[in-house]
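Q: sequence first, predicted coordinates after that:
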Amino acid sequence: MTMLSRMAPLLFFSILLNVDDLFARSAYVAELQQITQRTGPSTDHRIVKMLPSGALLTVLEESDGWLRVRDADGSIGWVLLRFTTTELPARLQLEQLRQEHADLREASGGAVGRIAELEAAKHQLESALSESIRNHDVLEREHTTLLSEAAHVVELRERHDTTMAQLEQAQVRVRKLSSDNEELRASERLRWFLLGGGIVFTAWLFGFLSGRMQRKRRSGLQY
């Protein structure tokens, strides 16, 4: 007899023992304190055990509002269908969410604290950025003022250069006028000098001629 022939009966009996699992589905005890698990599908059958609210059940069979189930301990019995639900009870959902939340906090490895640090750094950067923007605005205004003042300085420089050029031209004219005036004075002095000299010479000449005439008269009278 081969190995496969010897194992075939074992496989057959194993399948028979687990045939219920082939069609099984999950269910939960509804939101009650506890329900009864009985040996048969009626209230006349003996109670096997009490199942707490939220207990996970594997449904093996359904008959006239009853379910044949296997609980987590492997105990098989019948429970009323209306006391079960296919949805996870709210209490278990809450506990599951709490556990997931705790697991996430633990798995985060201090990510919450890191997020807080990043938020604080973000606020600091935003504050520094706002300060930089304010400083930039101040510098922009100062730059505009400096440009305006620089334009005014350039204008003043141009006016100064123009005034200096005009002053230099005026000084040249003043020197020219002073030179002309000096020449005119010298010419006037010369004219007056010549005029005075002419008067003196004329007076002398007149005196000289008058003297000769008087001498001639006296000489004529003596003869």
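A: Okay, I see it.

Q: quick one: the strands in this structure, in order.
A: Ranges of strands in the chain, per DSSP state E, are 25-29, 34-38, 47-52, 56-63, 66-70, 76-80, 84-85.

Q: and the nearest residue to residue 72 once chain neighbours are set aside, bridged to which residues?
A: Once flanking residues are discounted, residue 72 sits nearest to residue 56: 5.9 Å by Cβ to Cβ, 6 or more residues apart in numbering. Backbone N, C-alpha and C define where each C-beta goes, glycine included. Here residue 56 sits in beta bridges with residue 28, going by DSSP bridges.

Q: state the distance from residue 209 to residue 200.
A: 15 Å (Cβ to Cβ, to the nearest Å).

Q: can you lay out the strands of the chain as a markdown table showing mean neighbour count, mean pLDDT and distance to residue 95?
A: Below are the strands of the chain laid out as a markdown table (neighbours: other Cβ atoms under 10 Å; pLDDT from 0 to 100; distance: least, Cβ to Cβ, whole Å):
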| stretch | mean neighbour count | mean pLDDT | distance to residue 95 |
| --- | --- | --- | --- |
| strand 25-29 | 17 | 79 | 13 |
| strand 34-38 | 18 | 90 | 17 |
| strand 47-52 | 15 | 92 | 13 |
| strand 56-63 | 17 | 93 | 13 |
| strand 66-70 | 21 | 95 | 22 |
| strand 76-80 | 20 | 95 | 22 |
| strand 84-85 | 16 | 88 | 16 |
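
Q: got those strands as JSON lines, with distance to residue 177 columns?
A: Output for those, formatted as JSON lines (distance: least, Cβ to Cβ, whole Å):
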{"stretch": "strand 25-29", "distance to residue 177": "124"}
{"stretch": "strand 34-38", "distance to residue 177": "132"}
{"stretch": "strand 47-52", "distance to residue 177": "128"}
{"stretch": "strand 56-63", "distance to residue 177": "125"}
{"stretch": "strand 66-70", "distance to residue 177": "134"}
{"stretch": "strand 76-80", "distance to residue 177": "135"}
{"stretch": "strand 84-85", "distance to residue 177": "124"}
